[in-house]
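Asks: task: produce atomic coordinates for the following.
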Amino acid sequence: MKLDARIALRPCVSSSPAALVGVVALALFACGDDDGGGDPTVPPGPPPSSMDSGPPSDSGPPSARDAGPTDRDTGPTTRDAGPTPRDAGPTDRDAGGPARNVPGRHDVSLVVEDERRDLLVYVPESVAGSVAAPVVFVVHGTSQTGEYFFNNSGWNALADTEGFIVVYPDALSYCYHQDDNGDGDTDDPGEQSVTTKWSSGFFTNHPLCTAEEIAALPARDRALADHPLRDDVAFFGAMIDRLATDAVIDTRRVYATGFSNGAQMTSRLGNDLPDRFAAVASHAGFLEGVEPRVPTRPIAFALSAGAADPHWATPTDPIPLDETIFEEPFFVRTIAEYLTMTQLSDAHEHTTVTLGTRTVSRFSWTTSTVGADNRLELAIISDLMHMYPSFEPQLWAFFSAHSLP
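Replies: Reported below is the predicted structural model:
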């Protein structure tokens, strides 16, 4: 069964003065029982919208695809470092009593590695009480927050109808250097940033600021960035543990979707925690700075990117929509890494769908080398820049086809 999406590019929810607006139906991912036949059907209801992160950085020309992404997202600035009201979690359990899911928004804090970590949890009415609910983690990009995706994605509305809990965690802020102009160093003006980042492996190739550089920051930035590099894989494990204690969740059906640096993080989760996540999705970001592991359990991955994303493309050289994509060294290396993590053979199927003014090129790897039933999907969307599309229903269909043993 092929699935489709309606993707609308809505105005940027940031300081960007304007953004392209349009609607187009796109076939993206297939469930595990893809029969290869029939026409895609448009989901009922109004077309969902899309979230972009604002225009890409103009600090220098786009780097060559072979060099990998720069991942300089834009978007709303990091929240102030001051405390915000937090509750104990999505439960009304009395001491010693059973956990129950309480519908609504829950602002939750926990301490991991002596660092306060924040997350938003959305519990729909459909899983109130003792219903064991699946969980979807929605992982924001650079300079964004969980609040941004809570307010601007379609995950809460989908959770209402499909019956799952949504978690929107916050990354910490770091001071780091990045070679924005591609000259081989990170010491030029403007190449130091303080913003939210996941420790996805990104800092393997992007040096953190020294103690002296952090001490010289303005007071607000210093308060945000004055901490060691933290283990975000441990943070996600701690969040699952907290939910399993304070709420009623189906621990066999935990999923994660991420955008940009958040996509790098979800790929890291698929690499490091395949026994805790049943499937993950990464849009506009791939595994970086860590070695792909042969998994204890092969996991299902859904990858996607816009063909016009300036992290990998230029206006005259978009990401190919055909088999020539595998003549690009970056994508050859990238797919090889995910085939290691999924334990799938390199034999794949390629389908192209033209709907409206856009084309979706979909590559599917489904032949396991270890007898598993997982899959790897890669969707390249024509003309799409660095934006998170509104493909929540399609990702949920992909996720819900997979569970842990």
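Asks: give me the mean pLDDT for stretch 393-405.
Replies: Averaging pLDDT along stretch 393-405 gives 96.
Asks: how about it: buried residues?
Replies: Of the residues in stretch 393-405, 393-402, 404 count as buried by neighbour count, 16 or more other Cβ atoms under 10 Å. All C-beta spots, glycine's among them, are computed from the backbone N, C-alpha and C.
Asks: helices along the stretch 201-350 of the chain, start to end?
Replies: 211-215, 219-225, 232-246, 261-272, 329-342 (DSSP state H, counting those that start in this stretch).
Asks: just say which of the ones you listed is most tucked in.
Replies: helix 261-272 (a mean of 28; mean count of other Cβ atoms under 10 Å).
Asks: hmm, back to that, for residue 165, which of the helices of the stretch 201-350 of the chain is the nearest?
Replies: Comparing those by their distance to residue 165 (Cβ to Cβ), the top pick is helix 232-246, with 7.2 Å.
Asks: name the residues that touch that closest one?
Replies: The contact list for helix 232-246 (Cβ atoms under 8 Å, 6 or more residues apart in numbering) reads 88-91, 93, 99, 108, 110, 112-113, 117, 119, 121, 135, 137, 165, 167, 169, 171, 198-200, 249, 251, 254, 256, 265, 268-269, 272-273, 276.
Asks: closest one to residue 161 among the helices of the stretch 201-350 of the chain?
Replies: Here helix 232-246 is closest among those (Cβ to Cβ), at 20.9 Å.
Asks: and the closest one, how far out from the chain middle?
Replies: Here helix 232-246 is found 17 Å from its chain centre; the criterion is Cα atoms, centre = their mean, to the nearest Å.
Asks: so where's the stretch 251-400 of the chain uncertain?
Replies: By pLDDT under 70, the weakly predicted segments of the stretch 251-400 of the chain are 355-356.
Asks: which stretches in the stretch 301-405 of the chain count as strands?
Replies: Secondary structure of the stretch 301-405 of the chain by DSSP state E, counting those that start in this stretch: the strands cover 349-355, 358-365, 376-381, 387-388.
Asks: compare those and give me the one nearest residue 211.
Replies: strand 387-388 (34.9 Å).
Asks: any idea how far residue 396 lies from residue 158?
Replies: Distance, residue 396 to residue 158, by Cβ to Cβ, to the nearest Å: 6 Å.
Asks: mind listing what the spatially most central residue of the chain touches?
Replies: Against the mean C-alpha coordinate of the chain, by Cα atoms, centre = their mean, the closest residue is residue 258 at 0.5 Å. Going by Cβ under 8 Å, 6+ apart, residue 258 touches 138-141, 264-267, 280-283, 285.
Asks: dump those residues into CSV; add distance to residue 341 as well.
Replies: Compiled in CSV, those are given as follows (distance: Cβ to Cβ, whole Å):
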residue, distance to residue 341
138, 21
139, 17
140, 23
141, 21
264, 14
265, 14
266, 12
267, 8
280, 10
281, 14
282, 11
283, 17
285, 15
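Asks: what's the neighbour count on residue 210?
Replies: By other Cβ atoms under 10 Å, 11 other residues sit near residue 210.
Asks: got phi/psi on it?
Replies: Per-residue torsions, residue 210: phi -80, psi 170 (degrees, to the nearest 10).
Asks: rewinding a little: quick one: which of the buried residues of stretch 393-405 is nearest residue 179?
Replies: Among the buried residues of stretch 393-405, and counting by Cβ to Cβ, the member closest to residue 179 is residue 395, at 32.1 Å.
Asks: just to check, that closest one is in contact with residue 257?
Replies: Yes - if you go by Cβ atoms under 8 Å, residue 395 and residue 257 touch, sitting 5.6 Å apart.
Asks: give the intersection of the neighbour lists for these two.
Replies: Counting by Cβ under 8 Å, 6+ apart, the residues touching both residue 395 and residue 257 are residue 281.
Asks: just want the angle from the lengthiest strand in the chain to helix 261-272.
Replies: For the chain, the strand that runs over the most residues, judged by DSSP state E, is strand 249-259. Here strand 249-259 points in a direction 130 degrees away from that of helix 261-272 (axes from the mean of the first three to the mean of the last three Cα atoms, to 10 degrees).
Asks: buried residues in strand 249-259?
Replies: Buried residues in strand 249-259 (16+ other Cβ under 10 Å): 249-251, 253-259.
Asks: distance to residue 372 for those - can I get that in CSV?
Replies: Formatted as CSV, the buried residues of strand 249-259 follow (distance: Cβ to Cβ, whole Å):
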residue, distance to residue 372
249, 24
250, 20
251, 19
253, 17
254, 18
255, 17
256, 19
257, 21
258, 23
259, 27
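Asks: closest to residue 220 among the residues you listed?
Replies: Of all the buried residues of strand 249-259, residue 220 sits closest to residue 259, with 25.2 Å by Cβ to Cβ.
Asks: residues contacting the closest one?
Replies: 53, 139-141, 144, 149, 283-285, 388.
Asks: inside strands: which ones of those residues?
Replies: Those of the contacts of residue 259 lying in strands (DSSP E): 139, 283, 388.
Asks: top of those by number of neighbours, please.
Replies: residue 139 (32 neighbours).
Asks: how close does that one get to residue 291?
Replies: Residue 139 sits 21 Å away from residue 291, taking Cβ to Cβ as the criterion.
Asks: need the pLDDT of residue 151.
Replies: 97.
Asks: number of nearby residues for it?
Replies: The number of residues packed near residue 151 is 14, by other Cβ under 10 Å.
Asks: thank you kindly, that will do.
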